[in-house]
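Engineer: here is my input, please return the structure:
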Amino acid sequence: MREPIANKTHYSNGVLTLDKQITESYENERGPGTIPVKMEKLATPEANLPVKAIIVPHAPIDLAGPCASWAYKDLAEQGDGITTYIIIAQPQKSLKSGTTLETFQMPHGEIRVDQQFVRDLVSKGHIKVDEQIHKEESVIEVQLPFLQHLNKNRLEKIKIVPLLIGDDVDYKELSADIKEVLLEQNKQVLFIFVTNLTSYGRNFHFVPFTEEITQNIAKIDKSLIDAIKSHKENNFFEAVDKSMVPVSGYFAMKLYFTLLNPKKISLEQNYLSGDVNGDYKNCVSYASFVIR
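Structural biologist: You can find the predicted model right below:
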């Protein structure tokens with residue numbers, strides 16, 4: 001069993017207070033404004049394209065929750081067809097890659113790992129089980145309150161495939177492995193890629209400017225957002241290299257670009273942590289995308 005490590009720093013530890021925290025994220029002025037409501041099919045074929053993946057930030061819910069809630073709202077309104085979520089993030093305390101077989105203990109109860117998927121994926125040889133790095137990282141854990149909230153009527157049915165991706169994997173080979181297991185198991189999944197955009201300030205060792213901070217961060221963000229929206233891998237990593245910006249999900253995004261061939265990519269929300277707490281000397285840019 002993997003015990004939670006972010007339940008007092010990133011989200012509330014109680015079921016009722018956590019539900020309230022997530023509801024307030026949806027209803028926040030920076031959120032979509034309402035909690036999700038499952039909808040009938042929409043009028044246009046484009047609107048009915050199924051969600052394949054989302055890109056969401058990681059941070060305390062009070063800061064990044066309203067941003068992430070835009071993407072999770074689309075998942076909730078799509079319905080209950082998906083039961084397995086592949087969550088891909090970069091570890092923040094190491095550059096090692098690994099997955100886990102341990103059940104995650106959360107305030108709303110246990111959330112199980114898709115054991116067969118993980119075992120089959122590991123057997124391909126391009127990622128290993130590493131329980132230790134998962135015990136020390138909260139970047140995947142902070143997504144689980146949203147997942148459990150939108151699946152609260154069927155918690156026992158949902159499973160996750162937690163993948164921490166560092167610099168020690170062959171992204172194309174791992175991408176091929178994931179696709180192969182999906183075919184072998186005839187499984188439909190939804191991908192959750194976790195990353196923040198620009199992290200600015202001395203806390204992040206990135207201070208290329210000290211004036212017009214928000215405007216300069218917006219310029220960097222625009223180059224990253226445009227590359228994601230156009231699904232141009234080279235443009236994304238060239239923008240990172242040019243600005244030398246620390247992107248917390250850099251390696252997760254490498255897997256994103258090799259895994260998916262989207263038909264439509266929507267930027268749902270983008271703002272700075274400083275817009276919430278007033279601190280622009282050390283601030284992080286959050287963005288959420290829906291990929292169809």
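Engineer: report the buried residues of stretch 149-161.
Structural biologist: Of the residues in stretch 149-161, those scored as buried under the neighbour-count criterion (16 or more other Cβ atoms under 10 Å) are 149, 150, 151, 155, 158, 159, 160, 161. All C-beta atoms are positioned from the backbone trio N, CA, C, and that covers glycine.
Engineer: surely the first one is in contact with residue 24?
Structural biologist: No - taking contacts as Cβ atoms under 8 Å, residue 149 lies outside contact range of residue 24: 11.8 Å.
Engineer: quick one, what contacts the residue nearest to residue 157 when sequence neighbours are not counted?
Structural biologist: With Cβ to Cβ, 6 or more residues apart in numbering as the measure, residue 83 is the residue that lies nearest to residue 157, at 5.1 Å, once sequence neighbours are left out. Under the criterion of Cβ atoms under 8 Å, 6 or more residues apart in numbering, the contact partners of residue 83 comprise 154, 157, 158, 159.
Engineer: about what we covered before: tell me which of the buried residues of stretch 149-161 fall in strands.
Structural biologist: Counting by DSSP state E, the members of these that fall within strands are 159, 160, 161.
Engineer: and those as JSON lines, adding pLDDT?
Structural biologist: Compiled in JSON lines, those are given as follows (pLDDT from 0 to 100):
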{"residue": "159", "pLDDT": "97"}
{"residue": "160", "pLDDT": "98"}
{"residue": "161", "pLDDT": "98"}
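Engineer: residue 77: neighbouring residues, count only.
Structural biologist: The number of residues packed near residue 77 is 15, by other Cβ atoms under 10 Å.
Engineer: now name the helix or strand holding it.
Structural biologist: When secondary structure is defined by DSSP states H and E, residue 77 falls within helix 61-78.
Engineer: what does residue 139 give?
Structural biologist: Taking DSSP H and E as the criterion, residue 139 maps to no regular element, lying outside all helices and strands.
Engineer: that one against residue 94, yeah?
Structural biologist: No - Residue 139 is not in contact with residue 94 according to Cβ under 8 Å; the separation is 11.7 Å.
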